[in-house]
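A.B. asks: Model the following, please.
(chains A and B)
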Number of protein chains: 2
Amino acid sequence: MSSYQVLGTRPVRHDGVDKVTGRALYGADLRLARMVHGAVLRSPHAHARILSIDTSRAEAMPGVFAVITAADFPPAPPDKMVDFGEGEMLLSSLRGNVLAAGKVLYVGHAVAAVAAKDAHTAAEAAALIEVEYEPLPAVFTTQQAMAPGAPVLHEGLRDGNVADYIRHELGDPQEGFAGADLIVERSFDTASVHQGYIEPQNATAHWSADGRIQIWCSTQGSFIARDATAAVLDLPVSQIRVTPMEIGGGFGGKINVYLEPLAAMLSRKAGRPVKLVMSRREVFIGTGPTPGSHVRVKIGATNDGRLVAGEAWLAYEAGAWPGAMVGPGTMTVFACYDIPNILVEGYDVVVNKPSTAAYRAPGAPNAALATETVLDEIAERLKLDPIELRLRNAARPGTRRADGPRYKSIGCVEVLEAMRNTAHYQSPLPGPNCGRGVAIGFWFNAGLPSSATLAVNTDGTVNLIEGSTDIGGSRAALAMQAAEVLGLRAEDVHPTVVDTDSVGYTGVTGGSRTTFATGYAVHDAAQAILAQMKERAGRLLGSETVDFAAGKFSANGKELTFAEVAARLEAAGGPVTASAAVNPKGVGGSVAGLIVDVQVDPETGKTDILRVTSVQDAGKAIHPSYVEGQMQGGTAQGIGWALNEEYFLDAQGDMRNSSFLDYRMPTALDLPMIETVIVEVPNPGHPFGVRGVGEANIVPPLPAVANALYRATGRRLQRAPMKPEVVLGF
Amino acid sequence: MSSYQVLGTRPVRHDGVDKVTGRALYGADLRLARMVHGAVLRSPHAHARILSIDTSRAEAMPGVFAVITAADFPPAPPDKMVDFGEGEMLLSSLRGNVLAAGKVLYVGHAVAAVAAKDAHTAAEAAALIEVEYEPLPAVFTTQQAMAPGAPVLHEGLRDGNVADYIRHELGDPQEGFAGADLIVERSFDTASVHQGYIEPQNATAHWSADGRIQIWCSTQGSFIARDATAAVLDLPVSQIRVTPMEIGGGFGGKINVYLEPLAAMLSRKAGRPVKLVMSRREVFIGTGPTPGSHVRVKIGATNDGRLVAGEAWLAYEAGAWPGAMVGPGTMTVFACYDIPNILVEGYDVVVNKPSTAAYRAPGAPNAALATETVLDEIAERLKLDPIELRLRNAARPGTRRADGPRYKSIGCVEVLEAMRNTAHYQSPLPGPNCGRGVAIGFWFNAGLPSSATLAVNTDGTVNLIEGSTDIGGSRAALAMQAAEVLGLRAEDVHPTVVDTDSVGYTGVTGGSRTTFATGYAVHDAAQAILAQMKERAGRLLGSETVDFAAGKFSANGKELTFAEVAARLEAAGGPVTASAAVNPKGVGGSVAGLIVDVQVDPETGKTDILRVTSVQDAGKAIHPSYVEGQMQGGTAQGIGWALNEEYFLDAQGDMRNSSFLDYRMPTALDLPMIETVIVEVPNPGHPFGVRGVGEANIVPPLPAVANALYRATGRRLQRAPMKPEVVLGF
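C.D. replies: Numbers count the residues shown, from 1 in each chain, chains lettered A, B, ... in the order given. This is a model prediction of the structure:
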């Protein structure tokens, strides 16, 4: 039995009614007085030198307020690094992706932008901008980009198009493989896929006469959007106020800024608020997909099913600018296992495709496809149950990862045991051409700074002020943590997501960190509120020491409820409010596992998903429905990635399936109900034991589907998406 | 020399550019999706029974979304009192003034309201509502209302139309007068005047499907607007979120709610956001003027100029419902003087006029007209300089007021001495038909709860989150107090006024309390920030103890600026943010004095104001320009009240001058530059010594003008406004 009153229950989310009644305001809903509308001109070339840009015809068009190019932005010193708390990057990359300077690097690269009286006029004016290009040869895969003599995107990278090389070593891999009874080595390719959030990027900006800029946008992190825009514009961060509107999905893809600096600069020139909203095609070609990759994994095992050595070689597409996804790929490729001897090498490779962005456990699914498929083959060859093989080698507290850290706490064994215990895993396969696959995956729990403010209302409720944009129910999960501390109901806490001027610094809603880190700040602020309320109750009860239990303050044999003290605050010393900020170190990564049953039509190669069970360690599931929602969402996205999704580029690098009609994501009709099993191995780094659950669940689907397809077809698939022609082995 | 770096300087106000460029958003600027517009039907009778209301024709009109009457509101238990931190009032009065139930009590009393597709349709529909009235006899003055057999507005008041009787006694008045060498007794009448803010009342409300209500309005206190609306609607306060829009003046008149509950109820019925904006006539007839009054004052003095006894009898019009203005009238009538024997009696009298509202030092100018005119006559008859007489009897620390308290600190002597020392007072009168008058007045410094949150930006600036609507520059005055504590410039602190869900409870911008009480909360929050920054600096400097001076943290012979520590917060433990709340007891009332020179045209009776000097004790003038602005504003309003302004009612009680063309307020052409002298006697109840300065300055103008007119014409005027026919003695 849980000792919690609120945590683990399933209250209605605070923003639920607003969202189902259409009252919630998204960026595209915004209408400001005197507002004008923008359009972005994008490159038709995958790689080309910009010889000239002539904006005069656009500027002369009636109804046009402003036209901007890279020349309007302050120059970026070539080696200047910027860091918004998520890792360093080159300012020139950030600025160069917002608006091309000198060269275009992918089809869709923004070249100029226009503000006009309406969106149609803006689009027409953008088409009047004359850009003279000198086309250059382009590269679209890591293989092409790493080939000798390949066209080079940027001067001065580490080695041609290789922007970064990462190497982790543990033990003695050579000796490890020497002691193996069985070695399996396979290589895998995955395609670029997009996060596919429903709501396109948008940004409205007003650059005021005093230099203060207000921005309303769809972002996973209002402070990151503020800081990145400030960096692009070379302004102090406090000159910009970002108001995060409701967000229609992000999955990592709404951390980077695309439109915000353009809207700001257009507003400065136009002297009016300017609104920019992307089309779906612009989202596909102008924002970050997750990297396509080429990964080779080699694992050695003994006949008794002990993994003794692992080697991984990962080359990830960065897109047009140095990327950040291969790093976590190298860190997670063997993260679920206790393997004594490991060598991992990672290559970050620029190609003429859109700059990659984070997508739910970025970099990990590509790597897991390799590891978990190889392990499935080892289990098969050793005649071991695939879960049993994993259990024998599962990471445990104390296991050292190849990239350095030892786990303090890890729920890998518990997840595997829960998988084995499911009715699903113990059930027979339903028919012919069916197969069952399993896989597991690991993802971190980022810490990063978060802040929260609480204020007590006289009616005994509490207002929660926070800076984490709510993508998946975090208002509820945060309010519940305050309610738990204060002995209130979840609905007695009113959460509000405010702008960057109105709460302490708070990192992105990403890295599976919001319920964990912002929840930590909420917990601390609630503890401060409780201390103040005790002091106030003491004044009312005439006692220096006051007990608090079951929502009641007591002393001297008398009791007051939280609401009773709240109603008398003015007499007892004034309002009660408190703020807290944290920067916790993430020690509680999450393991997720998937069991999937497929049936393949042997004639067409079409795969039907028959049954899916997602198992994940949530540490402590604050609101189980939203944990389950994350598990179901990550699983659905992973299955789409496994079976259908890919950027289909033509020879010129133009994406030919840039609509939701042609870019095929799974719909409710494509998937069965996704069953969920929440495992709870408390995170020692959080007061309630929370582990972030937003990401690990997308890691197992690629290999689990591949393994299931093998059981159904007898073919080991080494390429995603595993579309019919791949399944049929064409 | 001031030891302050920021306090006492004159930085540009933070909201200045927004306001001069038209970017600042007022309630009428608001446009919400699906928003519809409202109109209010008002009583044409001063007093009548409502026999029936037929809304069917209005409801049937195309484009109408909702019609409401009092029947739509929850009933108010007859004796239920409500208290929003500003004193108790009857819920039935509050609700009855929002929408008439049973009877109408004044011309302009709201009877019904309509929401329709646009404001014109709403007005047309309101005109289709058929109300059957039974007219009743009405009373318009305290004399009429207190006369035997007068028509009675409400059953169950204390005595006929007398809602309240207040009596303060000190010493032995009878004995005091017996020892006087000279006794002067005079009675005075003042007219109803309006605050005359530029921006009419407005409110937009959205009652959501989950019962949560959001309101955007022009209010002096977002929390009061929230709590009062909750009381009218019989809802918990936390179900309502009030977003205070920018406010175009209030002066006390935007504390009460008028439109907020109507907009909310219309929204509930219409299922859409509803916006209501008053016309100027509606503001005059539907919101609160300050009371008209009849005041009698009797003062006894010895031949050496010592005041030995005072008696005052004050009858104030409450308007349609029991009022609150005579209380401060009785408390301030002798508040500037040390008089050993006092009797004060006050009567709160309901009349068939709009319910009165606060107006800058409410109740005090009416009383001061009497006291200060009588003192002028005593000084004249004793052949004493009028300032000298006042100085001999000025209240000092330790003086007990007739209503009880002793002053801890009071700048009365200092203000009088400053007045005497002005070049103005020492100058000769400029010509014939001229006169110079002086007067002083006292007003309290309300405490009441306030909250503030501060958060440090990585660029070394600080965000200030507060709940006090900014009428006269309080963003600047509050930001400066934070800057002073933190060693920053005023412009390094970015203030934001947020909604009621986003900051701790904060009382009204009124009672001269904002710079004092919210400033106190800001000071405390800044101290908490400083403590955290010291701790962070200590981590960076490797020291447990850190000094802070001149904006720098130092330890171990090393120094870091505030900005340097701010830039490294993530490494030093995470963001820095802090909230504070206070409920200070006001101990630092303010004294203001006025010297005014007038010239009277003996033929027409027109008065020209030749020269004016306002002197006021600010305790510590945080931003001297805004202190001077308050002094100039209060003086201008007081002169308007003295010379021109009045509600001109016809026999039916209808206001015949309900436009700014006919209701004559002074313009810039009517007044000379108002000179100002700031006196600074620190308030021991505030960390920087601040005294609220918003109100005391309106107290002296009525008597100072009357005294000046006496010197110019030889006539003691006992009636305001002192318009030409009064000046000429008709």
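A.B. asks: roughly how far apart are the residue lying closest to residue A:605 once chain neighbours are set aside and residue B:572?
C.D. replies: Excluding its sequence neighbours, the residue lying closest to residue A:605 (C-beta to C-beta, 6 or more residues apart in numbering or on different chains) is residue A:724, at 3.1 Å. Any C-beta I mention is one placed from the backbone N, CA and C, and that applies to glycine too. Separation of residue A:724 from residue B:572 (C-beta to C-beta, to the nearest Å): 56 Å.
A.B. asks: just residue A:728 next, same as before
C.D. replies: Distance of residue A:728 to residue B:572, given as C-beta to C-beta: 59 Å.
A.B. asks: again with residue A:531
C.D. replies: Taking C-beta to C-beta, one finds residue A:531 at 24 Å from residue B:572.
A.B. asks: Mind naming the longest strand for chain A?
C.D. replies: Looking across chain A with DSSP state E, the single longest strand is strand A:307-319.
A.B. asks: Relative to the lowest-mean-pLDDT helix or strand in chain A, what are the paired strands and their orientations?
C.D. replies: Counting by mean pLDDT, DSSP states H and E, the weakest-scoring helix or strand in chain A turns out to be strand A:88-90, with a mean of 86. Strand pairing for strand A:88-90, using DSSP bridges, gives strand A:81-83 (antiparallel).
A.B. asks: Identify the residues contacting the partner strand?
C.D. replies: A:88-91, A:94, A:228, A:231 (C-beta atoms under 8 Å, 6 or more residues apart in numbering or on different chains).
A.B. asks: what's the answer for stretch A:457-464, then?
C.D. replies: Counting by C-beta under 8 Å, 6+ apart, A:452-456, A:478-479, A:482-483, A:486, A:488, A:492-496, A:522, A:529, A:561-564, A:566-567, A:569-570, B:227, B:236-238, B:500-502, B:505 sit against stretch A:457-464.
A.B. asks: at 6 Å what do you get?
C.D. replies: With contacts defined as C-beta atoms under 6 Å, 6 or more residues apart in numbering or on different chains, stretch A:457-464 is touched by A:454-456, A:479, A:482, A:492-495, A:562-563, A:566-567, B:236-238, B:501.
A.B. asks: pLDDT averaged over that stretch - what is it?
C.D. replies: Across stretch A:457-464, the average pLDDT comes to 97.
A.B. asks: Identify the residues contacting the closest residue to residue A:688 other than its chain neighbours.
C.D. replies: With sequence-adjacent residues excluded and distances taken as C-beta to C-beta, 6+ apart, residue A:688 is closest to residue A:620, at 5.1 Å. Residue A:620 makes contact with A:680, A:682, A:688-690 under the criterion C-beta under 6 Å, 6+ apart.
A.B. asks: circling back: and which of the contacts of strand A:81-83 is nearest to chain B?
C.D. replies: residue A:231 (11.3 Å; C-beta to the nearest C-beta).
A.B. asks: Let's see the pLDDT reported for that closest one.
C.D. replies: Here the pLDDT value assigned to residue A:231 is 96.
A.B. asks: What count of nearby residues applies to it?
C.D. replies: Around residue A:231 there are 21 other residues, counting by other C-beta atoms under 10 Å in any protein chain shown.
A.B. asks: Would you map the strands across the stretch 251-400 of chain A?
C.D. replies: Residue ranges of the strands in the stretch 251-400 of chain A, as given by DSSP state E, counting those that start in this stretch, are A:274-277, A:293-301, A:307-319, A:342-350.
A.B. asks: buried set for the first one?
C.D. replies: Translated: strand A:274-277. Neighbour counts over strand A:274-277 (16 or more other C-beta atoms under 10 Å in any protein chain shown) mark A:274-277 as buried.
A.B. asks: Centre of the chain to that strand, how far?
C.D. replies: Remark: strand A:274-277 is offset 24 Å from the chain centroid, using C-alpha atoms, centre = their mean, to the nearest Å.
A.B. asks: for it, what is the average pLDDT?
C.D. replies: On average, strand A:274-277 scores 98.
A.B. asks: Walk me through which strands it pairs with, and which way each runs.
C.D. replies: Strand pairing (DSSP bridges) places strand A:274-277 next to strand A:36-42 (parallel), strand A:202-207 (antiparallel).
A.B. asks: could I get those as TSV with mean neighbour count?
C.D. replies: Listed next are these as TSV, based on neighbours: other C-beta atoms under 10 Å in any protein chain shown:
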stretch	mean neighbour count
strand A:36-42	24
strand A:202-207	27
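A.B. asks: could you dump the ones you listed to a markdown table with distance to residue B:289 and mean pLDDT?
C.D. replies: Converted to a markdown table, the strands paired with strand A:274-277 look like this (distance: least, C-beta to C-beta, whole Å; pLDDT from 0 to 100):
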| stretch | distance to residue B:289 | mean pLDDT |
| --- | --- | --- |
| strand A:36-42 | 44 | 98 |
| strand A:202-207 | 38 | 98 |
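A.B. asks: Relative to residue A:714, which of those is closest?
C.D. replies: strand A:36-42 (45.1 Å; C-beta to C-beta).
A.B. asks: Just the CA trace of that closest one, in CSV.
C.D. replies: Extracted in CSV, the C-alpha atoms of strand A:36-42 (Å, rounded to 0.1, in the frame of the first residue of the first chain):
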residue,chain,number,x,y,z
VAL,A,36,1.3,41.6,-39.5
HIS,A,37,2.2,38.3,-41.0
GLY,A,38,5.4,36.7,-42.2
ALA,A,39,6.6,34.2,-44.7
VAL,A,40,10.0,32.5,-45.1
LEU,A,41,11.8,32.0,-48.4
ARG,A,42,13.6,28.6,-48.4
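A.B. asks: And it, how far out from the chain middle?
C.D. replies: Put simply, strand A:36-42 sits 27 Å off its chain's centre (C-alpha atoms, centre = their mean).
A.B. asks: got a list of contacts for that strand?
C.D. replies: With C-beta under 6 Å, 6+ apart, strand A:36-42 has contacts from A:65, A:108, A:110-115, A:117-119, A:122-123, A:126, A:129, A:266, A:270, A:272, A:274-276.
A.B. asks: now stretch A:386-399
C.D. replies: A:305, A:307, A:336-338, A:376, A:379, A:406-407, A:409-410, A:412-413, A:416, A:419-420, A:438.
A.B. asks: Please check those and keep the buried ones.
C.D. replies: Neighbour-count burial (16+ other C-beta under 10 Å) applied to the contacts of stretch A:386-399 gives A:305, A:307, A:336-338, A:376, A:379, A:407, A:409-410, A:412-413, A:416, A:419-420, A:438.
A.B. asks: What is the nearest of those residues to residue B:704?
C.D. replies: residue A:409 (76.7 Å).
A.B. asks: so that closest one sits in a strand?
C.D. replies: No: using DSSP: H, G, I helix; E, B strand; the rest coil, the secondary structure at residue A:409 is coil, not a strand.
A.B. asks: Residue A:652 belongs to a strand?
C.D. replies: No: under three-state DSSP, residue A:652 sits outside any strand and is assigned coil.
A.B. asks: distance of the residue lying closest to it once chain neighbours are set aside from residue A:708?
C.D. replies: Nearest non-adjacent residue to residue A:652, counting by C-beta to C-beta, 6+ apart: residue A:46, 6.1 Å away. Distance, residue A:46 to residue A:708, using C-beta to C-beta: 36 Å.
A.B. asks: Kindly report the same for residue A:42.
C.D. replies: Counting by C-beta to C-beta - residue A:42 and residue A:708 are separated by 40 Å.
A.B. asks: next one: residue A:453
C.D. replies: On the measure of C-beta to C-beta, residue A:453 and residue A:708 end up 48 Å apart.
A.B. asks: Equivalent analysis for residue A:425, please.
C.D. replies: 12 Å.
A.B. asks: Counting neighbours around each, name which of the two comes out higher.
C.D. replies: Each of residue A:425 and residue A:708 has its neighbours counted (other C-beta under 10 Å); residue A:708 has more, 31 against 18.
A.B. asks: three-state assignment of the more buried one?
C.D. replies: Under three-state DSSP, residue A:708 comes out as helix.
A.B. asks: Check residue A:657 too.
C.D. replies: Assigned by three-state DSSP, the conformation of residue A:657 is coil.
A.B. asks: I figured it was touching residue A:664, is that so?
C.D. replies: No: between residue A:657 and residue A:664 there is no contact, the gap being 8.0 Å when judged by C-beta atoms under 6 Å.
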